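In: Quick one: sequence and predicted model below, then my questions.
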There are 2 protein chains.
Amino acid sequence: MTALKNDRFLRALLKQPVDVTPVWMMRQAGRYLPEYRASRATAGDFMSLCMNPEFACEVTLQPLDRYPQLDAAILFSDILTIPDAMGQGLYFETGEGPRFKKVVSTLADIEALPIPDPHKDLGYVMDAVSTIRRELNGRVPLIGFSGSPWTLATYMVEGGSSKDFRKTKAMLYDNPQAMHLLLDKLAQSVTSYLNGQIMAGAQAVQIFDTWGGNLSAAAYQEFSLAYMRKIISGLIREHEGRKVPVIMFTKGGGLWLESIADAGADALGLDWTCDLGEARRRVGNQVALQGNMDPTVLYAKPEAIRTEVGRILASYGKGTGHVFNLGHGITPEVNPEHAGAFLRAVHELSAQYHE
Amino acid sequence: MTALKNDRFLRALLKQPVDVTPVWMMRQAGRYLPEYRASRATAGDFMSLCMNPEFACEVTLQPLDRYPQLDAAILFSDILTIPDAMGQGLYFETGEGPRFKKVVSTLADIEALPIPDPHKDLGYVMDAVSTIRRELNGRVPLIGFSGSPWTLATYMVEGGSSKDFRKTKAMLYDNPQAMHLLLDKLAQSVTSYLNGQIMAGAQAVQIFDTWGGNLSAAAYQEFSLAYMRKIISGLIREHEGRKVPVIMFTKGGGLWLESIADAGADALGLDWTCDLGEARRRVGNQVALQGNMDPTVLYAKPEAIRTEVGRILASYGKGTGHVFNLGHGITPEVNPEHAGAFLRAVHELSAQYHE
């Protein structure tokens, strides 16, 4: 394996000293980039792109080629690959987001769900990871990822995106045993999926709990956090002689930071509603923090973006343990030059906090 | 004025002893009720209903007639009456939510906005309040309300609903002076609007900061909370020989409870992501709390609803200072019998906490 030329992302996650605050952007390989839109135009639909390791590699590397400041690459894939591998039939309707041909409604539906084998059933993802890792050639570390069990369950029960998750919540409250069986199967699947990605070359992994923040405080503990804890306890934490850091990101989970910090991850992702300095005081030395600029700040002018980056860096303060990111994925309408101004500002303004 | 036959809602807001925990539901006069849908069918569009005091009174009283457990009535109106009175031209497109004919984009647009006179420009609301108050005849207290300046500003700048408030946020970050002028005008307007409602007979008022929770922690303080604080300092707090409690509800504001509790209101509304017992410990004796069942629990069976009500009551614990409510408005598809089961459970299960 080629030695890593830039490991500041991994070092910050493990709270080791760095020269500047590392930065990457959720959904950095995405529609805001004209080169991505061009690749999409030739590759066909979104799932074809995800399932073709060469294309997945191409778009994963695009933002790195454009922005030399990026300190990590993230596997180009979808969070719903696991339910698809379970036989739910994932497809994308134009302008409608993800949809499933089958919907999970009953205990019998859940009992019938298989646990996918990452190599047999999700081999295209493993191939994408190893292809990207080879092509990165040590430039920056590669992040693997999965959706959290609760987040995957919402799509499987609703049959797609939802505003208030009414079917999933009705199942949770009316039939908690069925919901627990579904979440348990998903936790097993996510564990082996992430371990497969690590063995294929992912140097850190992130669990996206995109919809955990929509649960009540009590339901979050029982139906989302408990299963992420279970996953983390089953992950390979060292590979190729290096630690493999785990990042947990519950969007809207700021109220529950102490318990999330206690679930075994190395770092927590934060959305922008959480003051970074206050979050640091609350979690102490237990975990590193990743985030948390409001992605809509990228609609403002570069000077305003720079001011906001400076404010967030000052809020975190001196020392390592912070990976800069947006508080959610970058949106398609953002001007790529604004993203560049954001990334430059992070490196330029953060050096003073690492002297 | 007729004496109030049931004042347990007002008493709980002021932390005075009560026999059972009072309860009402945000959007209790709404589409989930067949009698409301029937009134809508004859009254025409939504704004015609809001602007007709007799119709507004009729639908305000409908849930009280159906559910004897309701401990408060809330004025039937829309949160966007103030921007409409400023000349923005509010209308409702079927299935699209609220829209404005004019959009606020520049400093000049904001400078041109008038501050509505509640009696001259919003007389239909004042008439609705006095009509409802008369027809209530002392059954339960009447709640008046307004949107918060930040929440109103998002609709005015976006021209309607929005997923990420990109135009409003861009204005906030690029042109904070313009945003402050807009918010200041809105704060002045809301203050005289709520005072008008109080003089017309509202016995408590609630400020709905529906979108404050989408701001960064720092921006929330400067662009939402500061203006609600200003409003509260200008409100009439005693009328007809009784205190007029003020409730502030920032959806998604659970992280900031301490500073919200310090803004001068008598009570805070909470969404369901906030554990009620923990919120009580955090705010101490400073304010009462209102909330906070996940409204989607109403899609579950009555037994499950009852269990969740019991859990929330136990989390708050013994004593006054809690008004039960949902953590957000009741949704159109809820079965009215489930809403009834919810309301009954609150009174039946809460008596033990008030002995």
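Out: Here it is on my side, so go on.
In: When you work out contacts or count neighbours from here on, use the C-alpha atoms and nothing else.
Out: Fine.
In: any idea what sits nearest the residue of the stretch 51-200 of chain A found nearest chain B, other than its immediate chain neighbours?
Out: Nearest residue of the stretch 51-200 of chain A to chain B (Cα to the nearest Cα) works out as A:Ala170 at 4.7 Å. What sits nearest to A:Ala170 in space, not counting adjacent residues and going by Cα to Cα, 6 or more residues apart in numbering or on different chains, is B:Ala300, at 4.7 Å.
In: so what's that neighbour scoring on pLDDT?
Out: Note for B:Ala300: predicted pLDDT of 98.
In: ditto for A:Thr94
Out: Reading off the model, A:Thr94 has pLDDT 75.
In: Chain B contacts on chain A?
Out: Contact residues (Cα under 8 Å from any Cα of the partner chain) of chain A with chain B: A:164-167, A:169-171, A:173-174, A:213-218, A:254-255, A:272-275, A:294, A:296-297, A:299-301, A:304-305.
In: One more pass at 6 Å, please.
Out: Neighbours of chain B within chain A, by Cα under 6 Å from any Cα of the partner chain: A:166, A:170, A:173-174, A:216-217, A:255, A:272-275, A:296, A:299-300, A:304.
In: re earlier: what's the burial count for the residue nearest to A:Ala170?
Out: If you count neighbours by other Cα atoms under 10 Å in any protein chain shown, B:Ala300 ends up with 22.
In: And for A:Ile110?
Out: A:Ile110 has 17 nearby residues by other Cα under 10 Å.
In: avg pLDDT for the helix or strand where it lies?
Out: Assessed by DSSP states H and E, A:Ile110 sits inside helix A:107-111. Mean pLDDT, computed over helix A:107-111, is 98.
In: chain center to it, what's the gap?
Out: 28 Å (Cα atoms, centre = their mean, to the nearest Å).
In: now the helix or strand just after it, how far from the chain's geometric center?
Out: Note on helix A:107-111: by DSSP H and E, the next helix or strand toward the C-terminus is helix A:118-121. Distance, stretch centre to chain centre, for helix A:118-121: 21 Å (Cα atoms, centre = their mean).
In: Can you tell me the closest non-neighbouring residue to A:His347?
Out: A:Val20 (5.7 Å).
In: how near is that neighbour to A:Leu349?
Out: With distances taken as Cα to Cα, to the nearest Å, A:Val20 is found 8 Å from A:Leu349.
In: Look at these two and report which has more neighbours.
Out: Neighbours per residue (other Cα under 10 Å) separate A:Val20 from A:Leu349, with A:Val20 holding more: 23 against 18.
In: could you point out which element follows the worst-scoring helix or strand of chain A on mean pLDDT?
Out: In chain A, the helix or strand scored least confidently by mean pLDDT, DSSP states H and E is helix A:46-51, which has a mean of 86. Next helix or strand after helix A:46-51 toward the C-terminus (DSSP H and E): helix A:53-66.
In: what mean pLDDT would you report for that following helix?
Out: Mean predicted confidence for helix A:53-66 is 97.
In: Across the sheet, point out what pairs with A:Val323.
Out: A:Gln290 (DSSP bridges).
In: How many residues are close by it?
Out: Neighbours around A:Val323, by other Cα under 10 Å: 28.
In: who touches it in this structure?
Out: A:22-23, A:290 (Cα atoms under 6 Å, 6 or more residues apart in numbering or on different chains).
In: Pipe the residues you listed into CSV and attach neighbour count per row.
Out: Shown next, in CSV, are those (neighbours: other Cα atoms under 10 Å in any protein chain shown):
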residue, neighbour count
A:Pro22, 29
A:Val23, 23
A:Gln290, 27
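In: Is it possible to get CSV of those residues that adds pLDDT?
Out: As requested, those are exported to CSV (pLDDT from 0 to 100):
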residue, pLDDT
A:Pro22, 98
A:Val23, 98
A:Gln290, 98
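In: follow-up on the earlier one: quick check: buried residues in the helix holding A:Ile110?
Out: A:Ile110 (16 or more other Cα atoms under 10 Å in any protein chain shown).
In: Next: stretch A:227-242.
Out: A:227-232, A:234-237.
In: Closest one of these to A:Ala112?
Out: Among those, A:Tyr227 lies closest to A:Ala112 (Cα to Cα), at 20.0 Å.
In: By neighbour count, which of the residues of chain A next to chain B wins?
Out: So for those (other Cα under 10 Å), the most neighbours sit at A:Thr273, 29 neighbours.
In: Go ahead and confirm that residue touches B:Ala217.
Out: Yes: between A:Thr273 and B:Ala217 there is a contact under Cα atoms under 6 Å: 4.9 Å.
In: And the contacts of stretch A:177-189?
Out: For stretch A:177-189, with Cα under 6 Å, 6+ apart as the criterion, the contacting residues are A:107, A:110, A:115, A:149, A:172, A:227, A:231.
In: wait, stretch A:245-254
Out: So stretch A:245-254 is contacted by A:204-210, A:212-213, A:265-269, A:271, A:274 (Cα under 6 Å, 6+ apart).
In: how does it look with 7 Å?
Out: Residues outside stretch A:245-254 that contact it (Cα atoms under 7 Å, 6 or more residues apart in numbering or on different chains): A:13, A:204-213, A:237, A:265-271, A:274, B:255.
In: Just the buried residues from those, in ChimeraX please.
Out: A single ChimeraX command selects the buried members of those (16+ other Cα under 10 Å):
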select /A:13,204,205,206,207,208,209,210,211,212,213,237,265,266,267,268,269,270,271,274 /B:255
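In: can you list contacts of stretch A:155-163?
Out: A:83, A:97-100, A:103-105, A:165, A:167-168.
In: how does it look with 10 Å?
Out: Residues from elsewhere that reach stretch A:155-163, judged by Cα atoms under 10 Å, 6 or more residues apart in numbering or on different chains: A:80, A:83-84, A:88, A:90-92, A:96-106, A:150, A:152-154, A:164-169, A:171, A:179, A:182, A:214.
In: what's the least confident helix or strand of chain A packed up against?
Out: Helix A:46-51 is packed against helix A:34-43, helix A:53-66, helix A:81-83, strand A:90-93, helix A:123-136, with contacts defined by 3 or more Cα pairs under 10 Å, 6 or more residues apart in numbering or on different chains; DSSP states H and E.
In: quick one, which of the ones you listed is packed in tightest?
Out: Highest mean neighbour count among these (mean count of other Cα atoms under 10 Å in any protein chain shown): helix A:81-83, with a mean of 23.
In: quick check, distance from it to the centre of its chain.
Out: 15 Å.
In: just stretch A:278-287 next, same as before
Out: 20 Å.
In: ditto for stretch A:166-184
Out: 24 Å.
In: average model confidence for that stretch?
Out: Per-residue scores along stretch A:166-184 average to 98.
In: same check, this time on stretch A:188-207
Out: Mean predicted confidence for stretch A:188-207 is 98.
In: buried sites along it?
Out: Neighbour-count burial for stretch A:188-207 flags A:188-207 (criterion: 16+ other Cα under 10 Å).
In: got the CA coordinates for it in CSV?
Out: The C-alpha trace of stretch A:188-207 is given here as CSV (Å, rounded to 0.1, in the frame of the first residue of the first chain):
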residue,chain,number,x,y,z
GLN,A,188,-26.0,-6.8,11.4
SER,A,189,-26.0,-5.8,7.8
VAL,A,190,-24.4,-2.4,8.4
THR,A,191,-21.7,-4.0,10.5
SER,A,192,-20.5,-6.4,7.9
TYR,A,193,-21.0,-3.8,5.1
LEU,A,194,-18.7,-1.3,6.9
ASN,A,195,-16.2,-4.0,7.8
GLY,A,196,-16.2,-5.0,4.1
GLN,A,197,-15.4,-1.4,3.1
ILE,A,198,-12.6,-1.2,5.7
MET,A,199,-11.1,-4.5,4.4
ALA,A,200,-11.4,-3.1,0.8
GLY,A,201,-9.5,0.0,1.8
ALA,A,202,-11.7,2.6,3.6
GLN,A,203,-9.5,4.4,6.1
ALA,A,204,-12.3,5.8,8.2
VAL,A,205,-16.1,5.2,8.2
GLN,A,206,-19.1,7.5,8.9
ILE,A,207,-22.5,6.4,10.0
